[in-house]
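Trainee: Kindly return the folded structure for what I paste below:
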Amino acid sequence: MNKEDFTKIGRIVKVNKKTANITVISDFTLPDSIEQSKILFIEIDGGLVPFFVIEASLRGDNSLVVMLEDYHLPEKALKLVGCKVYIKIEEIYDSEDEFLFYPQLIGFKVIDKDKGEVGVVKEVSESMHQILLTVMKGKKEILIPLAEEFITKVNRHKKELFMVLPDGLIDL
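Mentor: Predicted structure coming up:
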């Protein structure tokens, strides 16, 4: 298993003491399709261990409640609290070019229609329902709002994000 084929979706923060369901909290809005995932990968001792999902449901934008196969006892599930949870990257895409889970944009090259290469995404943050990309151009940080109307294409294989940015945005 190559860790580059996975993306972190969050961390296990608690276990229901009656049902043994685990709660995963993410720093980002989780896609609805995550409820259909059959396997989650939990990082244990530095490795990703597959866990089969019996049932999963979103609670709000960034919380996922999961029942795992063979983890029906709360005492057993409690050992997973604090562990990072991953999913295969291919499970978070709707199609070949459409992007659903924003943290995966880290490391992507941002290319503007008029200005050409802007820089590389260093960080993705979400606040007040606004997604911001922190793009590095040399030593300069550029903040770019991730708005659907700015995106023209995403090539996840080449790690390229093509955009049409408003005049002056990258000149600030």
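
Trainee: pLDDT score for Lys158?
Mentor: On pLDDT, Lys158 comes in at 88.

Trainee: Quick check: which element contains it?
Mentor: Lys158 belongs to no helix or strand when assigned by DSSP states H and E.

Trainee: Next, work out how far apart it and Lys109 are.
Mentor: To Lys109, Lys158 is 8 Å away according to Cβ to Cβ, to the nearest Å. The C-beta positions use only the backbone N, C-alpha and C, and glycine is treated the same way.

Trainee: Please apply the same query to Val121.
Mentor: 8 Å.

Trainee: Kindly report the same for Ile87.
Mentor: From Ile87 across to Lys109, the span is 24 Å (Cβ to Cβ).

Trainee: For those two, indicate the residue with more neighbours.
Mentor: Ile87 (21 against 16; other Cβ atoms under 10 Å).

Trainee: Who are the contact partners of the more buried one?
Mentor: Residues in contact with Ile87 (Cβ atoms under 8 Å, 6 or more residues apart in numbering) are Phe6, Thr7, Ile9, Ile34, Ser37, Leu40, Phe41.

Trainee: and it, bridged to which residues?
Mentor: Assessed by DSSP bridges, Ile87 has beta-bridge partners Thr7.

Trainee: Burial check on Gly82, number of neighbours?
Mentor: For Gly82, the neighbour count with other Cβ under 10 Å is 9.
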